[in-house]
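Q: please find the sequence and the predicted model below.
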Amino acid sequence: MRNLVSILKCLGFWAMLLGTPLVAPAQTDSVWVQKWAIPASDVQFFFTDHLLQSYLLTPAQELIKYGPDGVEQFRYNNRRLGTLARVDASNAFNLLLYYPDYQTALTLDRTLNKTGEWSLLSFGFLSVPVVATSADNQLWLYDAADQRLKKIGADGVVLVQSDNLMQVLGYSLQPACLLDRGNLIYLSDPARGIIVFDAIGQYHYTIPLLEIADFQMLHEDGVIYHQKEGVLWQHDPRIPQSGVLPLPGLFGPKARFQVQRGHLFVLSEGVLRLFSLK
């Protein structure tokens with residue numbers, strides 16, 4: 001990838017990469033177009049996958065899936081497990097849901113039917129703030145009780161684990177987000193940065209990006225997308241500084257964004273919109 005300044009001037013960058021920061025649809029000279037908009041006034045959060053499917057969570061803990069055309073497809077609700085805190089849509093055919101109140105992770109198929117469950121308390125894990133789908137469809141988790149990143153199988157057996165990170169790093173982590181991107185695993189701690197591990201759970205390095213609770217990574221190139229107060233940022237490890245990605249206007253500090261190849265999802269003022277190249 002070229003220098004960030006030249007990249008941002010090049011439309012081909014956005015078309016090739018992911019969700020482009022867009023020009024407002026009302027502008028006639030825009031090369032972007034709004035594909036659809038759906039009401040989302042009571043949505044708590046949303047996620048998307050590489051197939052341009054979106055998953056919206058309502059206050060009633062109902063997960064609603066929309067297709068790439070913005071049409072509702074399926075719904076899933078599990079009231080017995082408390083608050084749904086995280087949806088990992090890294091694998092569009094193996095969705096991961098995490099309910100920290102009961103330390104339980106579920107997997108759903110493409111129609112939002114349950115296919116698996118990890119009851120972490122029954123496996124002996126007493127404090128797990130974050131989980132993620134592994135590249136081989138196992139479960140990554142951060143075990144706060146003994147300060148280790150672990151990957152477990154369906155039976156709860158630990159397959160790989162890191163060293164004690166308190167001893168390695170010299171401080172205790174407070175993880176907020178965890179992602180598996182093939183050869184590397186990324187764990188964010190807003191106070192410390194993004195901690196990077198290899199595929200067998202060993203610590204590699206720390207990316208000094210602070211105050212990041214949630215982030216996106218679409219590829220294995222290490223590019224990180226995060227947002228703060230209505231601004232969308234890109235951090236490319238091959239470029240010294242992060243860059244602000246231009247947006248189609250001011251959406252306000254509560255706006256949420258998700259990027260996919262050639263597309264941008266924007267949740268703002270009770271509406272979810274999908275934009276794409278014309």
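A: Good, I have the coordinates. Predicted model, so just to flag it, every value in this text is computed and none were measured.
Q: tell me the buried residues in stretch 103-111?
A: By neighbour count, with 16 or more other CB atoms under 10 Å as the criterion, the buried positions of stretch 103-111 are Q103, T104, A105, L106, T107, L108, R110. Every C-beta, even on glycine, is put in place using the N, C-alpha and C of the backbone.
Q: brain fart, stretch 201-209
A: Residues G201, Y203, I207, L209 are the ones in stretch 201-209 that count as buried (16+ other CB under 10 Å).
Q: dump those residues into a markdown table; add distance to G270, pLDDT and secondary structure as well.
A: Formatted as a markdown table, the buried residues of stretch 201-209 follow (distance: CB to CB, whole Å; pLDDT from 0 to 100; DSSP: H, G, I helix; E, B strand; the rest coil):
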| residue | distance to G270 | pLDDT | secondary structure |
| --- | --- | --- | --- |
| G201 | 41 | 94 | coil |
| Y203 | 42 | 97 | strand |
| I207 | 34 | 94 | strand |
| L209 | 30 | 92 | coil |
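Q: ok, so of those, who is nearest R181?
A: Within these, the smallest distance to R181 is 12.9 Å, found for I207 (CB to CB).
Q: ok, the closest one - contacts?
A: Applying CB atoms under 8 Å, 6 or more residues apart in numbering to I207 gives the contacts G193, I194, I195, V196, I224, H235, P237.
Q: now for the second one, how many residues are close by?
A: By that I understand I194. Neighbouring residues of I194 were enumerated by other CB atoms under 10 Å; the total is 24.
Q: wait, it sits on L187?
A: Yes - shown here, I194 and L187 form a contact pair, counting by CB atoms under 8 Å, at 7.0 Å.
Q: quickly check the buried residues of stretch 201-209 for the two that are furthest apart.
A: The most widely separated members of those, counting by CB to CB, are G201 and L209 (21.1 Å).
Q: ok, back up a step: turn the buried residues of stretch 201-209 into CSV, including distance to A92.
A: Putting the buried residues of stretch 201-209 into CSV (distance: CB to CB, whole Å) gives the following:
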residue, distance to A92
G201, 25
Y203, 30
I207, 26
L209, 27
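Q: who does the residue positioned nearest the centre of the chain form a beta bridge with?
A: What sits nearest the mean C-alpha location of the chain, by CA atoms, centre = their mean, is Q216, with 4.5 Å. In this structure, Q216 has beta-bridge partners Y225, where bridges are defined by DSSP bridges.
Q: which per-residue confidence value corresponds to it?
A: pLDDT, Q216: 95.
Q: now swap in F45 and tell me
A: Per-residue confidence for F45 comes out at a pLDDT of 93.
Q: how about the contacts made by the closest residue in space to A213 that isn't next to it in sequence?
A: Nearest residue to A213, sequence neighbours excluded (CB to CB, 6 or more residues apart in numbering): A176, at 4.2 Å. Residues near A176 by CB under 8 Å, 6+ apart: P129, V130, S188, D189, P190, I212, A213, D214.
Q: got it, and R79?
A: Going by CB under 8 Å, 6+ apart, R79 touches Q61.
Q: hang on, R80 in a strand?
A: No - the assignment for R80 (DSSP: H, G, I helix; E, B strand; the rest coil) gives helix, which keeps it out of a strand.
Q: how far away is it from P100?
A: Distance, R80 to P100, by CB to CB, to the nearest Å: 14 Å.
Q: those two: who's more crowded?
A: Set side by side, R80 and P100 give different neighbour counts by other CB under 10 Å, the larger being at P100 (19 against 9).
Q: so what does that one look like in phi/psi?
A: Dihedral angles phi and psi of P100 (degrees, to the nearest 10) take the values phi -70, psi -30.
Q: correct me, but it touches F125?
A: No - at 11.4 Å, P100 and F125 do not qualify as touching, with contact defined as CB under 8 Å.
Q: pLDDT below threshold where in the stretch 1-150 of the chain?
A: 1-31 (pLDDT under 70).
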